[in-house]
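Asks: Quick one, fold the following:
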Amino acid sequence: VQLVESGGGSVQAGGSLRLSCAASGYTYSTYCMGWFRQALGEEREGVAAIDNDGTTTYADSVKGRFTISRDNAKTTLYLQMNSLKPEDTAMYYCAAHDPKRRGSCSFGYWGQGTQVTVSS
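Replies: Below you'll find the model as predicted:
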């Protein structure tokens, strides 16, 4: 399984970015996918997830500003981030459900991350 993120960068507060995660070696359309982030010195936290039926969940801190979506034909996951804030600055990671684990969104595969920096 390979997950490759792209789309990170530096923006000013209030700006937008769109992250992408290309998946390969994986039955992409069958399983839950998600985005996590980790700021410097902080623990990794879940940002958003999307199940194979399209059901989405978001962290309270990003609700109304971020949108997760998936294109099963392109085996690509997206995260549209609007109204960015300095506190959104972090390394963002794509994650995929591990079929060997219980549950529907038990993430066991991770990308290498893409950096998002938001300046005030």
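Asks: And the most centrally placed residue in the chain, how far from Ala48?
Replies: With distances taken as CA atoms, centre = their mean, Trp35 lies nearest the centre of the chain, 2.2 Å away. Applying CB to CB, to the nearest Å, the value for Trp35 to Ala48 is 5 Å. C-betas here are computed from N, CA, C, even on glycine.
Asks: Now the common contact residues for the two.
Replies: Residues touching both Trp35 and Ala48 by CB atoms under 8 Å, 6 or more residues apart in numbering: Ile68, Leu79.
Asks: And the strands in the chain?
Replies: Here the chain has its strands, by DSSP state E, at 2-6, 9-12, 17-24, 33-38, 45-50, 56-58, 66-71, 76-81, 90-97, 107-110, 114-119.
Asks: could you dump those to a markdown table with mean pLDDT?
Replies: Putting the strands of the chain into a markdown table (pLDDT from 0 to 100) gives the following:
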| stretch | mean pLDDT |
| --- | --- |
| strand 2-6 | 97 |
| strand 9-12 | 98 |
| strand 17-24 | 96 |
| strand 33-38 | 98 |
| strand 45-50 | 98 |
| strand 56-58 | 97 |
| strand 66-71 | 96 |
| strand 76-81 | 97 |
| strand 90-97 | 97 |
| strand 107-110 | 95 |
| strand 114-119 | 98 |
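Asks: gap between the residue nearest to the centre of the chain and Ser120?
Replies: Going from Trp35 to Ser120 by CB to CB gives 23 Å.
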